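Peer 1: quick one, structure for this:
(one chain, ligands or ions: 1)
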Amino acid sequence: MQYQDKKPEDQILVIFGATGDLTRRKLMPALFELEVLNMLPEKFVILGVGRSSISDSDFREQNKNALKDAITRVADKKKIKGFSDRLFYLQADTQSEESYMALSEKLQLLRKQNSIQPFNLIFYLSTPPSLYEVIPRLLANASLNDESEGWKRIIIEKPFGYDLQSAIQLNESLKKSWKENQLFRIDHYLGKETVQNVLVTRFSNGIFEPLWNRNFIHHVEITSAENFGVANRAGYYDQSGAIRDMVQNHLLQLVGLIAMEPPASMDADAIRNETVKVLQSLRPLSEKDVAENTIRGQYTESTIKGNKVKAYRSEEGVAADSQTETYAALKFYIDNWRWGGVPFYIRTGKHLPTRVTEAVIHFKPTPHYLFAQQEDCNACNQLIIRIQPDEGILIKFGMKTPGAGFNVQNVSMNFHYNDLSEVRIPDAYERLLLDAMIGDSTLYARIDAVFAAWKFIQPVLEAWKNNADIPLHGYPAGTWGPDIADELIEEADMGWRYPCAALTGDDNYCAL
Ligand code: BG6
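Peer 2: Next comes the predicted model:
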């Protein structure tokens, strides 16, 4: 597996929030995979920064144990020790100016001990979003943005801002001491192989593109479902909710790729220019639109497979009267020539029946029903692009039921992405970390796209906050969200697909 033809230059990666969930679950396993694939720089160390008072060896032990659990391949397990030797730790209060003096000294020491030349530094902010303004400012005060002896980059996790205004403010603050080419705004969906495959599916095949417009497409549906709750992330999630956590970033980026015009080339800016045009063409939602075309929900207590599941409001760290949505569904339009009049539907939620992300392109039915029962087959003629799991593509169409008469039945043709090769599908963070180490920002979110997405979402945030007539519906954990979401799609026979973990399944509650 080769994502980039060149190896990154020697550098130090500093992870703020080094003992947090994201570092343990995503960043360390991704960095370890890069180690196994021999893609890390020759001279490379990782400095974890966190509040916990632990030593380098505690930090190594913690990560070794987490990696042992995450990595199943025996041959690779042997490499964990070598990888953990690259890890160092610094206890610091990231809000205090003095910490950055200590950080600077530690970095100089690591640089010397490991002969890292030039002094290339990459800072990963895996912290609560409230620190996204503070850390870069204090890094700059300590001259850790200075590129005279080597480049300096910052990777900022999503959400970039809390709403449009705060995103603008954050950008203004970052711009004071960092240049655009030093900033990497991560949206890990863009690093997913299958999200990138949307481009290949659309633009390497003559058969899809002619149909990819308002003349042939009835509507587009995107689902990102998760079959677990907020786990130990309530502190962050309760301030965020599904719309900020998933829709403003991951799902709108996916809309951008599904709806974009063909780019002039595969150049970073050519692609980002086209996706941003889609986001800028989203029809603004009025308060009435929000009331009629959005649904918000919150999971309630339930029993799933015999196990009791807590209501969201009973989760540790969640306010007992929390109004935060764990489910969001939206209907909206893209006002441009390709998509004029085609509704797009998005839904996402925690504690739904299964974990699945997919886009369903619903083609228009034939103009006239020639066969008896054909109208029962409105769900025929779908193209399903499965992002995860069981990554692949499924086409559904009508076929003659064998026997007398001309009865039509819905059949499926599917392709499973992992049939392509033996190679496992790499995790998005592997690709994105490597790209940032190399300085390639193609798969990172550009600021105009971030602003366009916030601009679209802003009326939803406002109406949900201020208009008490827009209900927050309860839905029992383990179900497909509030029933009323079915009414968003007007044609009952063309409603949401209820996917299963397996690509070909769509039996309503198959996951239970
Ligand atoms: C994160 C969200 O960005 O994406 C999480 O903060 C969510 O709440 C996750 O669970 C989903 O990512 P993936 O790659 O598992 O679909």
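Peer 1: from here on, just use CA atoms for contacts and neighbour counts.
Peer 2: OK.
Peer 1: extract the CA atoms of the strand or helix carrying Tyr345 and return them as PDB.
Peer 2: Secondary structure assignment for Tyr345, by DSSP states H and E: strand 343-349. Taking C-alpha atoms only, strand 343-349 is exported to PDB below (Å, rounded to 0.1, in the frame of the first residue of the first chain):
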ATOM      1  CA  PRO A 343     -34.300  16.900  -2.700                       C
ATOM      2  CA  PHE A 344     -31.300  15.700  -0.700                       C
ATOM      3  CA  TYR A 345     -31.900  13.900   2.600                       C
ATOM      4  CA  ILE A 346     -29.400  13.400   5.300                       C
ATOM      5  CA  ARG A 347     -29.700  11.600   8.600                       C
ATOM      6  CA  THR A 348     -27.300  10.700  11.300                       C
ATOM      7  CA  GLY A 349     -27.700   9.400  14.900                       C
END
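Peer 1: neighbouring strands for that strand, and are they parallel or not?
Peer 2: Paired neighbours of strand 343-349 in the sheet (DSSP bridges): strand 217-225 (parallel), strand 327-333 (antiparallel).
Peer 1: list the buried residues of the longest one.
Peer 2: In terms of neighbour count (16 or more other Cα atoms under 10 Å), strand 217-225 has its buried residues at Ile217, His218, His219, Val220, Glu221, Ile222, Thr223, Ser224, Ala225.
Peer 1: what comes up buried for stretch 74-88?
Peer 2: Buried residues in stretch 74-88, counting neighbours by 16+ other Cα under 10 Å, are found at Lys77, Ile80, Phe83, Ser84, Leu87, Phe88.
Peer 1: who does the strand or helix carrying the third one touch, helix- and strand-wise?
Peer 2: Right, Phe83. Here Phe83 sits within helix 80-84, counting by DSSP H and E. Under the contact criterion of 3 or more Cα pairs under 8 Å, 6 or more residues apart in numbering; DSSP states H and E, helix 80-84 touches helix 28-36, helix 56-70.
Peer 1: out of the ones you listed, deepest packed?
Peer 2: Looking across those with neighbours counted as mean count of other Cα atoms under 10 Å, the highest average goes to helix 28-36: a mean of 20.
Peer 1: which helices and strands does it pack with?
Peer 2: Looks like helix 28-36 contacts helix 56-70, helix 80-84, helix 428-438 (3+ Cα pairs under 8 Å, 6+ apart).
Peer 1: need the next SSE after that helix, C-terminal direction.
Peer 2: Toward the C-terminus from helix 28-36 - assigned by DSSP H and E - lies strand 44-50.
Peer 1: what is the residue nearest to Asn145 when sequence neighbours are not counted paired to in the beta sheet?
Peer 2: Distance criterion Cα to Cα, 6 or more residues apart in numbering; nearest residue to Asn145, sequence neighbours excluded, is Lys152 at 5.7 Å. The partner list for Lys152 in beta bridges (DSSP bridges) reads Leu121.
Peer 1: contact partners of the one helix or strand Gln458 maps to?
Peer 2: For Gln458, the host element (DSSP H and E) is helix 447-466. Applying Cα atoms under 8 Å, 6 or more residues apart in numbering, the contact partners of helix 447-466 are 160, 163-164, 167-168, 243, 248-249, 252, 275-276, 279-280, 282-287, 290-291, 470.
Peer 1: name whatever forms a beta bridge with the spatially closest residue to Thr19 that is not a sequence neighbour.
Peer 2: The shortest distance from Thr19 to any non-neighbouring residue, by Cα to Cα, 6+ apart, is to Gly50 (6.3 Å). With DSSP bridges as the criterion, Gly50 is bridged to Gln91.
Peer 1: in whatever helix or strand Leu110 lives in, what counts as buried?
Peer 2: Element membership for Leu110, per DSSP H and E: helix 97-113. Neighbour counts using 16+ other Cα under 10 Å place Glu97, Ser99, Tyr100, Met101, Leu103, Ser104, Lys106, Leu107, Leu110, Arg111 of helix 97-113 among the buried residues.
Peer 1: could you do stretch 178-188 as well?
Peer 2: So for stretch 178-188, counting by 16+ other Cα under 10 Å, buried means Trp178, Gln182, Leu183, Phe184, Arg185, Ile186, Asp187, His188.
Peer 1: out of those residues, list just those in helices.
Peer 2: Applying DSSP state H to the buried residues of stretch 178-188, no entry is found in helices.
Peer 1: I'd like to know how far Glu172 sits from Lys106.
Peer 2: To Lys106, Glu172 is 29 Å away according to Cα to Cα, to the nearest Å.
Peer 1: go on, His250?
Peer 2: Distance from His250 to Lys106, by Cα to Cα: 36 Å.
Peer 1: now the least confident helix or strand in the chain by mean pLDDT - C-alpha only, CSV.
Peer 2: When the helices and strands of the chain are scored by mean pLDDT, DSSP states H and E, helix 74-77 comes last with a mean of 73. The C-alpha coordinates for helix 74-77 follow below in CSV (Å, rounded to 0.1, in the frame of the first residue of the first chain):
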residue,chain,number,x,y,z
VAL,A,74,0.9,-11.3,15.3
ALA,A,75,3.9,-10.3,13.1
ASP,A,76,3.1,-6.6,13.6
LYS,A,77,2.7,-7.0,17.4
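Peer 1: quick one on the thing from earlier: touching the helix holding Phe83 from outside, list them.
Peer 2: Contacts for helix 80-84 (Cα under 8 Å, 6+ apart): Phe32, Glu35, Arg60, Glu61, Asn63, Lys64, Leu67, Lys68.
Peer 1: ok, so of those, who is nearest Gly297?
Peer 2: Nearest to Gly297, judged by Cα to Cα, of the contacts of helix 80-84 is Leu67 at 35.4 Å.
Peer 1: mind listing what that closest one touches?
Peer 2: Leu67 makes contact with Met28, Pro29, Ile80, according to Cα under 8 Å, 6+ apart.
Peer 1: as JSON lines, the helices and strands packed on helix 28-36 with distance to Arg137 would be great.
Peer 2: Conversion of the helices and strands packed on helix 28-36 to JSON lines gives the following (distance: least, Cα to Cα, whole Å):
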{"stretch": "helix 56-70", "distance to Arg137": "26"}
{"stretch": "helix 80-84", "distance to Arg137": "30"}
{"stretch": "helix 428-438", "distance to Arg137": "20"}
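Peer 1: just the buried residues of stretch 9-25, please?
Peer 2: Within stretch 9-25, the residues that count as buried by 16+ other Cα under 10 Å are 9-19, 23-24.
Peer 1: need the contacts of Leu67 in CSV (columns: distance to Gly235).
Peer 2: Formatted as CSV, these follow (distance: Cα to Cα, whole Å):
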residue, distance to Gly235
Met28, 22
Pro29, 24
Ile80, 31
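Peer 1: quick check, nearest of the residues you listed to Ala92?
Peer 2: Out of those, the member with the shortest distance to Ala92 (by Cα to Cα) is Met28, at 19.9 Å.
Peer 1: who's in contact with that closest one?
Peer 2: Contact partners of Met28, counting by Cα under 8 Å, 6+ apart, are Asn63, Leu67.
Peer 1: hmm, try it at 10 Å
Peer 2: Listed by Cα atoms under 10 Å, 6 or more residues apart in numbering, the contact partners of Met28 are 18, 22, 34, 46, 63-64, 66-67, 70, 83-84, 429-430.
Peer 1: again, but for Thr326
Peer 2: 229-230, 237-238, 240-243, 245, 296-299, 312, 348-352, 472, 474-475, 481.
Peer 1: can you pull the pLDDT of it?
Peer 2: As predicted, Thr326 sits at a pLDDT of 98.
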